[in-house]
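>>> my questions are about this predicted structure, shown below with the sequence.
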Amino acid sequence: MQSDSTVTFTSSGNPSVSDTINYAKDGTTVTTTARTDFSKALFDDQNNIVGGSIQTLTKRADGKLQSDSTVTFASSGNPSVSDTINYAKDGTTVTTTARTDFSKALFDDENNIVGGSIQTLTKRADGKLQSDSTVTFSTSGNPSVSDTTNYAKDGTTVTTTARTDFSKALFDDQNNIVGGSIQTLTKRADGKLQSDSTVTFTSSGNPSVSDTINYAKDGTTVTTTARTDFSKALFDDQNNIVGGSIQTLTKRADGKLQSDSTVTFSTSGN
């Protein structure tokens, strides 16, 4: 089992509450639960959302709050803004907040993205900017490129920029990655290359191997290469690690082994 979802409806035929239990890929281990409240949404006569907002509270398997997300809709039924508060594992400490702006996205008649871009601003708990990310979509609704600017804790100093290219990834009809690879080029604040990383995916959408080339501050001299093997990791249906282990072999520029590291995870992903 992947998930168990129950939607409760009002006498007008509109959804009032949706409760979902999500399971790990073993089909029995609960990973998260989510409750979506539709009480502030506006509906038309065909029970389509045409304004207002919905709120989703997501909790970890232990019942502690993981995130609180509110999506606001335009009169067309398309999302306009999404605001999310993320919590630490104690369920009370705010770690980050994120606001996604859909104003530059293109939608089809089923409210699916079919082009344009969305921008997400992520802030730390103190309100200072952590990252500014823009994802551009193809006409098929798949991401084509993601550009991210990362900031130091002062919220203004740029630390790195990253561009992820999805052109070699394979997607299913729900725009989930189901194979191929993505490449991320990370640059320092001065524009010089810091790393070049390629992640290859299995047909289930989980990473299988990650290959990274790291560069010195001149942006051209290779310092190390690293290959991470995910074959012994366990993943949930959101492709998060929920157990098992990953192994990373790091080599020096001359190809000789520098380190062999294995990280083992608990069911909480730590």
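Yes, it's here. Numbering: from 1, shown residues only.

>>> when you work out contacts or count neighbours from here on, use the C-alpha atoms and nothing else.
Noted.

>>> relative to residue 91, how far out is residue 203?
The span separating residue 203 from residue 91 equals 33 Å under the rule C-alpha to C-alpha, to the nearest Å.

>>> isn't residue 164 right up against residue 187?
No: using C-alpha atoms under 8 Å, residue 164 makes no contact with residue 187, being 11.7 Å away.

>>> and residue 50, how close does it get to residue 7?
The gap separating residue 50 from residue 7 is 19 Å, by C-alpha to C-alpha.

>>> looking at those two, which is more packed in?
More crowded of residue 50 and residue 7, by other C-alpha atoms under 10 Å: residue 50, with 17 against 13.

>>> pretty sure that one contacts residue 43?
Yes: in this structure, residue 50 is within contact of residue 43 by C-alpha under 8 Å, at 5.4 Å.

>>> quick one: the strands in the stretch 51-200 of the chain?
65-73, 79-87, 94-101, 105-107, 113-124, 129-137, 143-151, 158-165, 169-171, 177-188, 193-201 (DSSP state E, counting those that start in this stretch).

>>> switch those strands over to TSV; also include mean neighbour count, distance to residue 11 and mean pLDDT.
Listed next are these as TSV, based on neighbours: other C-alpha atoms under 10 Å; distance: least, C-alpha to C-alpha, whole Å; pLDDT from 0 to 100:
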stretch	mean neighbour count	distance to residue 11	mean pLDDT
strand 65-73	20	22	98
strand 79-87	20	25	98
strand 94-101	19	33	98
strand 105-107	19	30	98
strand 113-124	20	31	98
strand 129-137	20	38	98
strand 143-151	20	39	98
strand 158-165	19	46	98
strand 169-171	19	38	97
strand 177-188	20	39	98
strand 193-201	20	45	98
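
>>> count of residues packed around residue 46?
8.

>>> just say helix, strand or coil for it.
coil (DSSP: H, G, I helix; E, B strand; the rest coil).

>>> and it, how far is that from residue 15?
Counting by C-alpha to C-alpha, the gap from residue 46 to residue 15 is 12 Å.
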